[in-house]
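1. structure for this input, please:
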Amino acid sequence: MSSSHRIVGVTIAENPPKRLDKAIARDVPEVASLSRSRLARLIADGAVMRDGVVIDDPRAKVAEGDLFEIHVPEAEESHIGPEDIPLNIVYEDADLIVVNKPAGMVVHPAPGTPTGTLVNALLHHFGGELSGVGGEKRPGIVHRIDKDTSGLLVVAKSDAAHHGLAKQFEAHTAERHYLAVVHGAPDQADPRLGGIKGASFEKGNILKITTQLARHKTDRQKQAVLFSGGRHAVTRARILQTYGAPAQAALIECWLETGRTHQIRVHMAHAGHGLIGDPTYGGRRKLNAKAIGPAAIEAARTFPRQALHAATLGFEHPITAEKLSFEAPIPADMVELIEILRDG
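-> As a prediction, the model looks like this:
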């Protein structure tokens, strides 16, 4: 056992789950800020002891009153390299940072994009001053937005902040509003929408889409709409502006009750209102030349990314409990698209 560690004591309360991993996850002190996945790794690493004996079987039986010691090692240096990439920082304190991510930037390194990501940029910005997340000195990514989506992200700088933020996103209490430019206009007056399974309207002409989402059976890079299996997903959207007569495109505001991969993109496509510029879900829909001008048609046809921007982000500060809310202005490429569509 490394000498550089802290010890967290856990007393198993009454009516415990039968398994060690579930019992400890239930009874670990909140102040320890240890997630279920972190606890699972600590058990597997032999960092959990009862009466001086290492217990590394997550299925080990426990009883009310059992005392456990969890030896939590100090955070190690991240294997991800820092990179001097400019960041648009909206807010930062000792616990978290809010950034306005540009379109084209991947959030976290992956096999296809090992460098140039938001995490690489954050590691350089922090300069080694992270207290550590999940046992490693790295930023705590609580939620993500797609590479070609712009807008706001909150990132934790410590285990405690990561734990508190993750709970809010899991409970869907964080506020996230997006702006998107879509084909057509999702209007209650359109009888077509009444025949789409999972689509309904709420007061104020608010479109509600309720489905299950899961990875596509044949294209593993895509998500697919299901009505059994998969994960529950709810998106709401309302029209802010329409373009063309009859409407050929619209600027809409979307907000999430859940936060699934590609949720807005796949839900709007399911409703027949795919995002302009979306290469995956946008389909081959074109604007009608009789209803809108040639400049607008060309702007929509050549827009190089999905027209989606994470515009508003609100949450409770995980340490101070202060209510925080941030807005990011719509980026220049979407502003230009909207102006051309509006001018016809």
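2. can you name the next helix or strand after the helix or strand of the chain with the lowest mean pLDDT?
-> Of the helices and strands making up the chain, the lowest-confidence element is strand 136-137, at a mean of 54, by mean pLDDT, DSSP states H and E. Of the helices and strands lying after strand 136-137 in sequence (DSSP states H and E), the nearest is strand 140-141.
3. so which elements touch that next one?
-> Taking 3 or more CB pairs under 8 Å, 6 or more residues apart in numbering; DSSP states H and E as contact, the helices and strands that strand 140-141 lies on are strand 150-156, helix 159-170. C-beta: built from backbone N, CA, C; applies to glycine.
4. among the ones you listed, which is nearest residue 59?
-> helix 159-170 (24.4 Å; CB to CB).
5. buried stuff in that closest one?
-> 159-168 (16 or more other CB atoms under 10 Å).
6. ok, these vs residue 262, which is closest?
-> residue 166 (20.5 Å).
7. my read: the closest one touches residue 141, true?
-> No - in this structure residue 166 lies outside contact range of residue 141 using CB atoms under 8 Å: 9.9 Å.
8. so where is the stretch 1-150 of the chain shaky, pLDDT-wise?
-> Screening the stretch 1-150 of the chain residue by residue with the criterion pLDDT under 70, one finds the ranges 1-4, 75-79, 128-138.
9. okay, the longest strand along the chain in CSV with CA atoms only?
-> Of all the segments of type strand in the chain, defined by DSSP state E, the longest one is strand 231-243. The C-alpha trace of strand 231-243 is given here as CSV (Å, rounded to 0.1, in the frame of the first residue of the first chain):
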residue,chain,number,x,y,z
ARG,A,231,-32.4,4.3,-23.0
HIS,A,232,-35.3,6.7,-22.3
ALA,A,233,-34.9,10.0,-24.0
VAL,A,234,-37.0,13.2,-24.0
THR,A,235,-36.4,16.3,-26.0
ARG,A,236,-38.5,19.5,-26.2
ALA,A,237,-38.3,22.2,-28.9
ARG,A,238,-39.9,25.4,-29.8
ILE,A,239,-39.7,27.7,-32.8
LEU,A,240,-37.9,31.0,-32.4
GLN,A,241,-37.9,32.1,-36.1
THR,A,242,-38.9,30.7,-39.4
TYR,A,243,-37.4,31.3,-42.9
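10. which helices and strands does the very next helix or strand once past that strand pack with?
-> Where DSSP H and E defines the elements, the next helix or strand beyond strand 231-243 is strand 249-256. Packing partners of strand 249-256 (3+ CB pairs under 8 Å, 6+ apart): strand 175-183, strand 231-243, helix 263-270.
11. now do 10 Å
-> Other helices and strands packing on strand 249-256, by 3 or more CB pairs under 10 Å, 6 or more residues apart in numbering; DSSP states H and E, are strand 175-183, strand 206-215, strand 231-243, helix 263-270, helix 294-302, strand 308-316, helix 332-343.
12. which of these sits closest to residue 96?
-> Closest among the helices and strands packed on strand 249-256, once you apply CB to CB, is strand 308-316, at 9.2 Å.
13. could you export that closest one as CSV, CA atoms only?
-> Taking Å, rounded to 0.1, in the frame of the first residue of the first chain, the C-alpha atoms of strand 308-316 are listed here in CSV:
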residue,chain,number,x,y,z
LEU,A,308,-26.3,23.2,-33.2
HIS,A,309,-25.0,25.3,-30.3
ALA,A,310,-25.2,24.7,-26.5
ALA,A,311,-26.3,28.1,-25.6
THR,A,312,-27.3,28.0,-21.9
LEU,A,313,-26.0,25.9,-19.0
GLY,A,314,-27.3,26.1,-15.4
PHE,A,315,-26.5,24.1,-12.3
GLU,A,316,-25.9,24.2,-8.6
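14. give the pairing partners of it; include direction for each.
-> Looking at strand 308-316 with DSSP bridges, its paired strands and their directions are strand 150-156 (parallel), strand 175-183 (antiparallel), strand 323-327 (antiparallel).
15. give the rounded mean pLDDT of that strand.
-> The predicted model assigns strand 308-316 a mean pLDDT of 97.
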